[in-house]
Each structure stands twice: as structure tokens, then as C-alpha cells.
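# got a predicted structure here, sequence first:
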Amino acid sequence: MGMFSAKTFAREMIDDQRYEEAIAAATEAMTENPEDPEAHLDRGAAHDLLARHEEAAVDFERAFALDRKAGILSDDDLDDRLFEALRQWALAIGETEPERGAQILRRYRDTFPKGRHDGDVDRWLSRLRGEKGPTWVKESV
């Protein structure tokens with residue numbers, strides 16, 4: 001499945017960079033059909049574009065849960081979106097509260113226990129603890 005089954009009004013607002021209107025449109029769509037995962041995906045996308053990563057993560061998690069029944073969204077797309085929203089949120093919080101940032105990042109595994117970003121979670125948890133990652137050296141030929 002593609003990211004969106006059809007272009008929603010909220011998606012049109014996102015494409016026009018009218019993110020607050022997209023949030024309102026997606027929220028209205030949720031009111032009309034609370035089981036629609038696409039509305040949560042749309043609202044999450046708009047929140048993410050406004051750097052409201054906590055709200056985006058919650059919407060992406062809910063979209064994934066609802067889509068277990070609906071089956072209209074791309075799991076890979078949701079996986080990527082959720083990881084990135086959680087990563088951005090964790091980094092913002094982790095500057096002052098590293099353990100809380102780590103808890104936020106670990107939420108990824110609650111939704112995607114064997115997700116595409118499982119290894120990335122470990123790398124970012126190390127960064128939140130202040131550990132340096134491997135240094136790559138380009139070998140000369």
C-alpha cells in the first residue's frame with residue numbers, strides 16, 4: 001500500500017504547507033471516523049512538520065494501531081515516521097533529561113519490536129548517554 005490511499009483534505013493542506021489547517025482537517029476527520037488510521041497519519045505528519053514531535057509520535061502510534069485492522073497504510077512508512085518523531089523528541093528532551101529521552105526513544109520498540117530502526121535505537125541511546133560512536137576512517141587505495 002502507498003502512504004495514503006487517496007489524497008485527503010488534510011493531505012492537500014500539508015502539500016500547501018498549511019499545517020495548522022491540516023491538523024484541524026485531520027482532527028475533524030477523526031471525529032467523523034475515529035477508526036480511520038489515515039487521519040492520524042495526516043495529523044501526525046502535520047505535527048511533525050511543525051516540529052511537534054511528541055504529538056506526531058502519538059498520532060503515528062495510533063495510526064499504526066488502527067491500521068492493524070484497516071490495513072491501508074504502509075508499515076515501512078509508519079515505521080520510519082514514528083522512529084524519526086521519537087528520535088527528534090528524545091533528542092530535544094535528552095539535552096536536559098537524558099533518561100527521559102531514552103524512555104521516549106525506547107517507545108519505538110513497543111510499536112515495532114523488530115522494526116527497521118531497532119539498531120538505530122541502540123545507537124541513539126548511546127548518544128543520549130554521551131557515548132561517542134565509532135569513528136570511520138576512509139582507507140586510501
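Received it, and whenever you're ready, just let me know what you need. Numbers count the residues shown, from 1 in each chain.
# contacts and neighbour counts: CA atoms only from here.
Fine.
# work out for me the element the closest residue to residue 58 other than its chain neighbours sits within.
Nearest non-adjacent residue to residue 58, counting by CA to CA, 6 or more residues apart in numbering: residue 44, 7.6 Å away. Secondary structure assigned from DSSP states H and E places residue 44 in helix 37-49.
# what helices or strands is that helix leaning on?
Judged by 3 or more CA pairs under 8 Å, 6 or more residues apart in numbering; DSSP states H and E, helix 37-49 is in contact with helix 9-15, helix 19-32, helix 53-70.
# the ones you listed: which one's closest to residue 99?
Closest to residue 99 of the helices and strands packed on helix 37-49, according to CA to CA: helix 53-70, at 16.1 Å.
# and the next element down the chain from the closest one?
Following helix 53-70 in sequence order, the next helix or strand is helix 75-94 (DSSP H and E).
# whichever helix or strand comes after that following helix: how far from the chain's middle?
Per DSSP H and E, the first helix or strand lying C-terminal to helix 75-94 is helix 98-111. Remark: helix 98-111 is offset 13 Å from the chain centroid, using CA atoms, centre = their mean, to the nearest Å.
# buried sites along helix 98-111?
Neighbour-count burial for helix 98-111, counted by 16 or more other CA atoms under 10 Å, picks out 98, 99, 100, 101, 102, 104, 105, 106, 107, 108, 111.
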